[in-house]
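S.K.: can't give you the sequence, but here's the structure:
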């Protein structure tokens, strides 16, 4: 669905990407993780055709995003971190903007709005930031676009809304759809994404499916000092040491995204070697 | 589906823009009407002998048209100044041409019509007031044989008291308005922030460079003499000045072409440039 080859991009003299290559397929929810300022939003805007690569090639659903053809724009929806919604009633937003998307579904939108506890007859002007964001997410999902890009979608959402968000997104994935969620709040994506892509200093630091991670790595609490020493990454907690270790015995362990992220940032080489080893 | 222009998509865009901006536009028109009213009242009482003469009406219409039209034009693409609004604007599934034509529909056509209507809505009653004031003054001061003659509603598109066969200068003023406004529309895409001021400065700089080029650079290249008949004829100095000099004239077709370009081409050129600039806009 998305092919990025040798992407080079810079803001004036500050390079962001130097030869980034990535492939994203339909039927998956990708978690794009990384520190602030590593280029997650820039990558999403390149994919959405809002920024143009200095070098390299991006192809999305067979389109060159930078051309911003209507047929391409109808197939993608970007939920930016900082977004704009006009000060009009929600129903008017749907009536005016929905027809631009051929597969927009009104009843789907109303269902999401209900799930997010947004009063359907309210005006966007009177809504909080979090409520507006939920309207935008609902609208994006109701467009039934093939590609949904979300930049820090859980920012500004309260705890209940975050879990509603996970539930709604998980229920919407199908074989034709690809969802890319960029965030630095890795905990919010647990149990949601099925592929983890970590960007750092303009390159892909790590890119694996959740299945592969669960097969190869074990996330657990350990009280054994020797085990802690030999782990790929460890950090002390009140309960003992949280460790990331090779999953030699193919034990079942729950993926701890935050721990994985820290492990890759601190000890990426060793983590990678676990995946490259046969 | 046409990727360049689709009437249905354009219609949706027009409806969306109209609904979202309608209230703001109505308030702006009320503000313009209020300003015109205040100005007309000032002019009315400034000269009770001849309140609201033709010149004041024409001047008000065209100064207002240029000023408000260019300010509005410089705000047409102001959404691109803010990242959230710019993302919303550029991500909307419509082509760049449809987005540009929507902006031109409101910024050029609707604004021009709305401004002209508002002008007359204010001007018509003000002319009645002006006539009443002038009549009262005439009754008091005029000689018994003097005929009452006071301001009348004007047609802002037709130059009054024009000699037969003379061109309607107002038509060319209107053309120049659309050209200047088009430059401000282009400026609103080039300079998302402080667009109006930056466009004014840019136009002034271009004007200065133009004068410098024509007057100084070309002056060095050309032999001593002067232009006349715009730039299509040049009168060279002879040994005794212009009297025994020679006139070199460019072909008539070139003069005609130049006239067409100067009169009609600037606005479309700026609109087309705006289209390409919009296409390459990044957020």
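M.R.: Yep, it's here. Everything numeric here is computed off the predicted structure, so don't read it as measured data. Numbering: from 1, shown residues only, chains lettered A, B, ... in the order given.

S.K.: wait, is residue B:244 part of a strand?
M.R.: Yes: secondary structure of residue B:244 (DSSP: H, G, I helix; E, B strand; the rest coil): part of a strand.

S.K.: that one contacts residue B:235, correct?
M.R.: No: using Cβ atoms under 8 Å, residue B:244 is not in contact with residue B:235, being 11.1 Å away. Heads up, the C-betas are built off the backbone N, CA and C, glycines and all.

S.K.: can you pull the contacts of residue 177?
M.R.: Looking at chain A here, since you left the chain open. Counting by Cβ atoms under 8 Å, 6 or more residues apart in numbering or on different chains, residue A:177 touches A:26-27, A:145-148.

S.K.: chain B, not that one
M.R.: B:62, B:65-66, B:69.

S.K.: quick one: which of these is nearest residue A:84?
M.R.: Distance to residue A:84, by Cβ to Cβ, is smallest for residue B:69 among those, at 26.3 Å.

S.K.: neighbour count winner among residue B:244 and residue B:235?
M.R.: Shown here are residue B:244 and residue B:235; by other Cβ atoms under 10 Å in any protein chain shown, residue B:235 has more neighbours (17 against 10).

S.K.: packing partners of whichever strand or helix holds that one?
M.R.: Secondary structure assigned from DSSP states H and E places residue B:235 in strand B:233-238. In terms of contacts (3 or more Cβ pairs under 8 Å, 6 or more residues apart in numbering or on different chains; DSSP states H and E), strand B:233-238 is packed against strand B:225-228, strand B:241-249.

S.K.: got the angle for that strand vs strand B:241-249?
M.R.: Relative orientation of strand B:233-238 and strand B:241-249, computed by axes from the mean of the first three to the mean of the last three Cα atoms, to 10 degrees: 140 degrees.

S.K.: next one: the longest helix belonging to chain B to chain centre, how far?
M.R.: As assigned by DSSP state H, the longest helix anywhere in chain B is helix B:7-46. Offset of helix B:7-46 from its chain centre (Cα atoms, centre = their mean, to the nearest Å): 17 Å.

S.K.: show me what that helix is packed against.
M.R.: Counting contacts by 3+ Cβ pairs under 8 Å, 6+ apart, helix B:7-46 packs against helix A:90-97, helix B:54-73, helix B:96-104, helix B:111-141.

S.K.: next, format those as CSV and append mean pLDDT.
M.R.: Shown next, in CSV, are these (pLDDT from 0 to 100):
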stretch, mean pLDDT
helix A:90-97, 95
helix B:54-73, 95
helix B:96-104, 98
helix B:111-141, 91
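
S.K.: out of the ones you listed, the one nearest residue A:212 is which?
M.R.: Closest of these to residue A:212 is helix A:90-97, at 38.9 Å (criterion: Cβ to Cβ).

S.K.: picking up where we left off before, so how far is the strand holding residue B:235 off the chain centroid?
M.R.: Using Cα atoms, centre = their mean, the offset of strand B:233-238 from its chain centre is 35 Å.

S.K.: buried set for it?
M.R.: By 16 or more other Cβ atoms under 10 Å in any protein chain shown, the buried positions in strand B:233-238 come out as B:234-235.

S.K.: now the helices for the stretch 1-150 of chain A?
M.R.: Under the criterion DSSP state H, counting those that start in this stretch, helices of the stretch 1-150 of chain A are mapped to A:40-47, A:70-73, A:90-97, A:106-115, A:129-142.

S.K.: tell me the most buried of those helices?
M.R.: Among those, the stretch with the highest mean neighbour count (mean count of other Cβ atoms under 10 Å in any protein chain shown) is helix A:40-47, at a mean of 24.

S.K.: show me what it packs onto, helices and strands only.
M.R.: strand A:2-11, strand A:14-24, strand A:28-33, strand A:55-60, strand A:76-79, strand A:147-151, strand A:178-183.

S.K.: thought residue A:153 was touching residue A:179?
M.R.: No: contact criterion Cβ under 8 Å: residue A:153 and residue A:179 do not qualify, at 9.9 Å.

S.K.: so where's the chain shaky on pLDDT?
M.R.: No chain in the question, so chain A it is. By pLDDT under 70, the low-scoring segments of chain A are A:278.

S.K.: actually, chain B is the one I wanted.
M.R.: For chain B (pLDDT under 70), the answer is B:142, B:144-145, B:149-150, B:229-230.

S.K.: one more time with 90, if that's ok
M.R.: Where chain B drops to pLDDT under 90, the residues are B:1-2, B:44-54, B:129-154, B:158-169, B:192-193, B:214-252, B:254-256, B:258-259, B:262.

S.K.: farthest from the middle of it: give me that residue.
M.R.: Largest separation from the mean C-alpha position in chain B: residue B:239, at 45.1 Å (Cα atoms, centre = their mean).

S.K.: residue contacts, that residue?
M.R.: So residue B:239 contacts nothing (Cβ under 8 Å, 6+ apart).

S.K.: one step back: a markdown table for the helices and strands packed on helix A:40-47, including mean neighbour count and distance to chain B?
M.R.: Formatted as a markdown table, those follow (neighbours: other Cβ atoms under 10 Å in any protein chain shown; distance: least, Cβ to the nearest Cβ, whole Å):
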| stretch | mean neighbour count | distance to chain B |
| --- | --- | --- |
| strand A:2-11 | 17 | 10 |
| strand A:14-24 | 16 | 13 |
| strand A:28-33 | 24 | 17 |
| strand A:55-60 | 17 | 13 |
| strand A:76-79 | 24 | 6 |
| strand A:147-151 | 24 | 10 |
| strand A:178-183 | 25 | 14 |
